[in-house]
Structures are given as C-alpha cells and as structure tokens.
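S.K.: for reference, the sequence and a predicted model appear below.
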Amino acid sequence: MAATPSPRLDDAFDALGNIHRRRLLMDLCEGDVGRLGRATQVVADGGDADNEQLEVELYHLHLPKLDGAKFITWDRESGAIERGPRFDEIEPVLRLLDRNASELPESWV
C-alpha cells in the first residue's frame, strides 16, 4: 500500500505551485518583503505583467493562501508581510530551488 503524502508536504507544494507565490516566498528567504507594493514588484520581476492586476491577484488569492497555510503573516490593514510560523517548513525547499536555479526551467524560479 502506497503511503499518502503528508498534509504539510501537500501544503508546501500547493504554496509553491504558482510562480508569484514562489517568488514571494523566495524573497522572504532573503528578508522580509515588507508591504503589498513591494510584493507586487517582487512577483513582477521585471516582466510584462500589469502591476495593478498582480496586486489584485496577490491581495485576493496568493497572500490569503500563503497566510492561511501559515507560511506568511499578512496584515490586511497595514499590508505588512513577513515570515509566518510555518515558514521554516518550506524554507529548505526554497533554498534548494535557489541553489539549483541554473539547472531548472526559468519559469520555475
């Protein structure tokens, strides 16, 4: 009988399943993202994305998902974003992605 994945592992892969969430979490490895405006710059990463649309997606989809999983702590009132109580669980995977970025497809990191 095959073992079922840990719910915590599923949470990590769910959080990492979107490039915007990966970029936000990877930036948190280096320090706090700070606020929603900064988070928008992080996930846009110089791409062609519409910053206003990205901010809406972050506010309504990505930040609530990461906050709900406790990987980040997000204060909707102030916009403050910082590492959450479960960030340490996902950080090794983020560091692994970062260390191997040159060997991975560009869209992965």
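M.R.: Received it, and whenever you're ready, just let me know what you need. Residues are numbered from 1 along each chain as shown.

S.K.: tell me if Ser78 really is in a helix.
M.R.: No - Ser78 is assigned coil when assessed by DSSP: H, G, I helix; E, B strand; the rest coil, not a helix.

S.K.: number of nearby residues for it?
M.R.: Counted with other CB atoms under 10 Å, the neighbours of Ser78 add up to 9. Yep, even glycine has a C-beta here, placed from its N, CA and C like the rest.

S.K.: equivalent analysis for Asp27, please.
M.R.: Close neighbours of Asp27, defined as other CB under 10 Å, add up to 20.

S.K.: pLDDT score for it?
M.R.: Listed pLDDT for Asp27 reads 86.

S.K.: so where is this structure shaky, pLDDT-wise?
M.R.: Counting by pLDDT under 70, the chain shows low-confidence ranges at 1-7, 32-33, 35-49, 109.

S.K.: I figured Leu97 was touching Leu25, is that so?
M.R.: No - judged on CB atoms under 8 Å, Leu97 makes no contact with Leu25 at a distance of 9.4 Å.

S.K.: quick one, helices of this protein?
M.R.: Secondary structure of the chain, counting by DSSP state H: helices at 7-15, 19-30, 36-44, 51-57, 63-68, 87-99.

S.K.: dump these to a markdown table, plus distance to Ser107.
M.R.: What follows is the helices of the chain, written out as a markdown table (distance: least, CB to CB, whole Å):
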| stretch | distance to Ser107 |
| --- | --- |
| helix 7-15 | 16 |
| helix 19-30 | 6 |
| helix 36-44 | 13 |
| helix 51-57 | 16 |
| helix 63-68 | 19 |
| helix 87-99 | 12 |
